[in-house]
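Visitor: can't give you the sequence, but here's the structure:
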DNA sequence: TATCACCTGTAATTAAATTACATTATAGTC
DNA sequence: GACTATAATGTAATTTAATTACAGGTGATA
């Protein structure tokens, strides 16, 4: 079972459970917090099965015993994404909305944990690594992300620019060639201007990585498309919050991949960058 | 005990434990992952105490029983910030560094869960709400954050500017008065230029909110200082990654607080903003 | 010095979980 | 449809784990 949480595993196995096992699963899922405190007898009664079915059920799920199952379940409960509790309401005090926003952003990260495909990331990293130049575009809410991405990626030995002005973006895209890789950020992937720019990138024979809504027009134009997590939040109606945490974490991942791919031959180069801000801070 | 994790509670009680209780505590802390799988007999042997001491110890900590203690402990383990496992190594493949980066950012958010003080956030929100104008400054890695914060805060009926050029920042700070609130982002709080700008803000009688390292020179100049989470990551040596996720979540929290404080009287205003980008997207 | 409160271990008991055995249900084959 | 084999499930028995009861030891206080 590896690192998969017992709750995820349980939900994945629902369709292959026997009648009694399904009763037990439903009883557990009806109140997970209560389940971690139950005896085999309690749970068996709730699920209307015999006591030994509980042990057997745990073994079916790959646990050593019911106590082991309860411990795994407790771990799952503690890391459970709670989308419901994240909705902020008018009467919320600061303690509550702090809690909700933190939980929302943690949950958003949990959401992409199983959705980012390693080979897609690797492909993107290889494109970046082979490039003579990296150009990063964003607009609106994605503008700050483009600039943050530049701040991360410029360090790895490949000249890296970021543009947020759509006219400059068009012109830079038109001036590019096959030596460049472009990273385009668009939560929805349906911004007309960004799609137009993507066409220009493609016409320049440059490579295109899009961090965007899966299946969107922009994603279809990209050589590599990586989810923006836009399914989580309607960014055309609400102020985009959790989505940008997802996208910035994707930036972290790409930067990490590129740093690893470049190995330690850039150590001096990185040191020089760090040193360039020497003297700007109070000791 | 409320919401405090059993691990936190245990560590807080260490100095008031008896000799045997202390042995048990140490045995648990020596390998928490193993402890959740132990029987009373296993743990008693490891701690060199009698079996019943285990039950008594759990009761001393406020748990109902040893099984209850083990469940609580499992929950603590699951939410424990794991700084070690987040360290990326040269041999890491994409699946692993994706996992590590996601976990690192989740842990970073967990880190601030108990460190953000609701009344400090409320004070900041009140300052923002009472302002005639909000100005947001960042530079270097914080520049993108400043622009992101503008994208969030400008919507709530208070004119909001963001500047990343330090000369413009000086001038805007000097031109301000008591009607303005400034938000300054600096991870370390030791950037000389930003501290100079903070002085200028104070001289203009404007209010100053700093998102920065606790106890730093900048934090001392602020009317309200909120942690940047800078303790987590040496941002002067490493590329700042988790720290900006923390800071952006703080932006979310402030934006949420301001939105709630403004109530629903801005609904039309918000609608007008959303409508302003109509027609820019493919349907 | 005596008393009291607290700590702790051994022994006994209870509770919880698992195994063994028997019965029932289901699926496949003729 | 009848029969057989296998899987699922319950009852009863057994084992394991946890807790309670009782007794003894230690340290502090009057």
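Guide: That came through fine. Because the structure is predicted, anything quoted here is derived from the model rather than measured.
Visitor: Tell me where the stretch 51-200 of chain A has helices.
Guide: For the stretch 51-200 of chain A, applying DSSP state H, counting those that start in this stretch gives helices covering A:51-60, A:66-78, A:94-113, A:118-130, A:141-153, A:166-174, A:192-203.
Visitor: Dump those helices to TSV, plus distance to residue B:256, mean pLDDT and mean neighbour count.
Guide: Just so you know, the C-beta spots here come from the backbone N, C-alpha and C atoms, and that holds for glycine as well. Shown next, in TSV, are the helices of the stretch 51-200 of chain A (distance: least, C-beta to C-beta, whole Å; pLDDT from 0 to 100; neighbours: other C-beta atoms under 10 Å in any protein chain shown):
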stretch	distance to residue B:256	mean pLDDT	mean neighbour count
helix A:51-60	41	92	18
helix A:66-78	24	89	22
helix A:94-113	5	84	21
helix A:118-130	31	94	18
helix A:141-153	16	93	25
helix A:166-174	30	94	17
helix A:192-203	28	95	19
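Visitor: Kindly provide the distance from residue A:282 to residue A:183.
Guide: 35 Å (C-beta to C-beta, to the nearest Å).
Visitor: The two: which is more packed in?
Guide: Legend: neighbour count by other C-beta atoms under 10 Å in any protein chain shown for residue A:282 and residue A:183, higher for residue A:183 (29 against 12).
Visitor: residue contacts, residue A:122?
Guide: A:257, B:94 (C-beta atoms under 8 Å, 6 or more residues apart in numbering or on different chains).
Visitor: Now with 10 Å, please.
Guide: Residues in contact with residue A:122, defined by C-beta atoms under 10 Å, 6 or more residues apart in numbering or on different chains, are A:224, A:257, A:261, B:93-95, B:98.
Visitor: Near the residue nearest to residue A:207 when sequence neighbours are not counted, how many other residues are there?
Guide: Leaving aside its sequence neighbours, residue A:207 sits nearest to residue A:181 (C-beta to C-beta, 6 or more residues apart in numbering or on different chains; 4.4 Å). Residue A:181 sits with 27 neighbouring residues when counted by other C-beta under 10 Å.
Visitor: Residue A:181 pairs with what?
Guide: Note on residue A:181: beta-bridge partners by DSSP bridges are residue A:134, residue A:207.
Visitor: how about the helices of the stretch 51-200 of chain A in JSON lines, adding distance to residue A:41?
Guide: Shown next, in JSON lines, are the helices of the stretch 51-200 of chain A (distance: least, C-beta to C-beta, whole Å):
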{"stretch": "helix A:51-60", "distance to residue A:41": "6"}
{"stretch": "helix A:66-78", "distance to residue A:41": "11"}
{"stretch": "helix A:94-113", "distance to residue A:41": "34"}
{"stretch": "helix A:118-130", "distance to residue A:41": "44"}
{"stretch": "helix A:141-153", "distance to residue A:41": "54"}
{"stretch": "helix A:166-174", "distance to residue A:41": "66"}
{"stretch": "helix A:192-203", "distance to residue A:41": "60"}
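Visitor: Was I right to think the residue nearest to residue A:207 contacts residue A:210?
Guide: No. Between residue A:181 and residue A:210 there is no contact under C-beta atoms under 10 Å: 11.5 Å.
Visitor: ok, whichever residue of the stretch 51-200 of chain A sits closest to DNA strand C - how many residues close by?
Guide: Residue nearest to DNA strand C within the stretch 51-200 of chain A (C-beta to the nearest atom of the strand): residue A:65, separated by 2.6 Å. Residue A:65 sits with 13 neighbouring residues when counted by other C-beta under 10 Å.
Visitor: do you know how far the one residue in the stretch 101-250 of chain A that gets nearest to DNA strand D is from residue B:262?
Guide: Going by C-beta to the nearest atom of the strand, DNA strand D is nearest to residue A:114 of the stretch 101-250 of chain A, at 27.4 Å. For residue A:114, the distance to residue B:262 (C-beta to C-beta) stands at 37 Å.
Visitor: Pick out whichever of the two has more residues nearby.
Guide: residue B:262 (19 against 9).
Visitor: ok, that one touching residue B:126?
Guide: No. Look at residue B:262 against residue B:126 with C-beta under 10 Å: they stay out of range, at 11.8 Å.
Visitor: ok, now which ones touch the spatially most central residue of chain A?
Guide: The centroid of chain A falls nearest to residue A:112 when counting by C-alpha atoms, centre = their mean (3.4 Å). Neighbouring residues of residue A:112 by C-beta under 10 Å, 6+ apart: A:226-229, A:232, A:245-247, A:249-250, A:253, B:98, B:102.
Visitor: Nice, that's everything, thank you.
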